[in-house]
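Participant: coordinates only, sequence not included:
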């Protein structure tokens with residue numbers, strides 16, 4: 001069970017974009033347990049949520065988007081294309097859409113955003129060799145796809161809106177947020193849904209974050225990147241992919257960094273990226 005909110009605390013409303021997606025659906029279930037009241041937004045109707053805002057961020061009317069944002073304490077921004085696509089589609093959904101959301105936040109005085117970035121913003125970073133140490137969040141952008149490029153843009157946009165307009169953002173470079181890891185690579189990148197909610201809650205409540213970039217994964221035994229900055233926000237991951245390791249390795253073999261699809265953080269995104277829609 002999630003930690004209970006402080007006794008007597010007032011309801012806190014968060015706009016959750018991408019609320020009908022896979023991660024968004026689970027966050028709709030889990031974040032209220034931390035005391036958050038959710039306002040939902042997606043380009044598709046959200047099941048069992050007739051009051052959700054149905055908007056395409058890339059083409060939404062400014063007034064409609066400002067209405068969706070108005071009065072919330074913060075935004076958790078999950079909306080967008082989550083695999084590779086054409087540049088034009090990525091531009092509309094992920095780049096223009098994220099810009100439009102930040103502009104609405106600025107206009108309505110929203111001071112905190114949690115941005116769902118991705119490990120694919122640094123996807124061409126080599127997988128660390130044994131004993132090489134964990135990869136820090138200040139690793140330079142090395143996007144592996146137009147999708148990864150859009151996440152690099154989102155991180156830079158967050159920095160601009162922090163410096164120019166004072167909006168604070170935690171950019172979470174999500175690994176593989178799934179019910180369970182599905183590949184040997186995933187043993188290093190897995191983020192359980194429970195840990196995802198814990199991390200988002202920490203990102204929403206930590207003081208004075210400025211623009212902080214953190215990696216989003218569980219406390220995996222085979223972890224590749226440094227979770228210390230996420231832990232500094234108050235994130236305390238509870239899950240580990242290791243119970244899945246024996247079965248996955250038996251099926252696929254150990255990770256082979258001599259294989260181009262396994263040599264970089266982005267995995268197959270660096271060679272044969274999965275396409276949207278899948």
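Facilitator: Yep, it's here. Nothing here was measured: the structure is a model prediction, and the numbers come from that model.
Participant: And what about the residue nearest the centre of the chain, helix, strand or coil?
Facilitator: Centroid-nearest residue in the chain, with C-alpha atoms, centre = their mean: residue 116, separated by 2.5 Å. Using DSSP: H, G, I helix; E, B strand; the rest coil, the structure places residue 116 in strand.
Participant: Number of residues surrounding the closest residue in space to it that isn't next to it in sequence?
Facilitator: Leaving aside its chain neighbours, residue 116 sits nearest to residue 78 (4.7 Å; criterion: C-beta to C-beta, 6 or more residues apart in numbering). Glycine gets a C-beta too; all of them are placed from N, C-alpha and C. For residue 78, the tally of surrounding residues (other C-beta atoms under 10 Å) stands at 26.
Participant: Figure out the helix or strand that residue 172 lives in.
Facilitator: Residue 172 belongs to strand 168-174 when elements are defined using DSSP states H and E.
Participant: now residue 251
Facilitator: helix 245-252.
Participant: That helix: which residues count as buried?
Facilitator: 245, 248 (16 or more other C-beta atoms under 10 Å).
Participant: any residues touching that helix, and which ones?
Facilitator: 181-184, 186-187, 221-222 (C-beta atoms under 8 Å, 6 or more residues apart in numbering).
Participant: Show me what the closest residue to residue 112 other than its chain neighbours bridges to in the sheet.
Facilitator: Leaving aside its sequence neighbours, residue 112 sits nearest to residue 74 (C-beta to C-beta, 6+ apart; 4.0 Å). Beta-bridge pairing for residue 74 (DSSP bridges): residue 14.
Participant: Okay, residue 74 and residue 199: tell me how far apart.
Facilitator: Distance of residue 74 to residue 199, computed by C-beta to C-beta, to the nearest Å: 14 Å.
Participant: ok, now which ones touch residue 178?
Facilitator: Counting by C-beta under 8 Å, 6+ apart, residue 178 has contacts 186, 190-191.
Participant: low-confidence ranges in the stretch 51-200 of the chain?
Facilitator: 131 (pLDDT under 70).
Participant: Strands of that one, start to end?
Facilitator: In the stretch 51-200 of the chain, the strands defined using DSSP state E, counting those that start in this stretch lie at 53-54, 74-77, 112-118, 168-174, 176-177, 190-191.
Participant: These: which one's closest to residue 236?
Facilitator: strand 190-191 (13.8 Å; C-beta to C-beta).
Participant: What pairs with the closest one, parallel or antiparallel?
Facilitator: Counting by DSSP bridges, strand 190-191 is paired with strand 176-177 (parallel).
Participant: What's the separation between the residue nearest to residue 80 when sequence neighbours are not counted and residue 122?
Facilitator: Counting by C-beta to C-beta, 6+ apart, residue 80 lies nearest to residue 94, which is 4.3 Å off, once chain neighbours are set aside. Remark: distance between residue 94 and residue 122 (C-beta to C-beta) = 16 Å.
Participant: quick one: which of those two has more around it?
Facilitator: Neighbours of residue 94 and residue 122, each counted by other C-beta under 10 Å, are more numerous for residue 122; the result is 27 against 24.
Participant: Just give the nearest non-adjacent residue to residue 129, would you?
Facilitator: Here the residue nearest residue 129, using C-beta to C-beta, 6+ apart, is residue 257, at 7.6 Å.
Participant: Show the contacting residues for the closest residue to residue 232 other than its chain neighbours.
Facilitator: Once flanking residues are discounted, residue 232 sits nearest to residue 206: 7.9 Å by C-beta to C-beta, 6+ apart. Shown in contact with residue 206 (C-beta under 8 Å, 6+ apart): 170, 212, 232-234.
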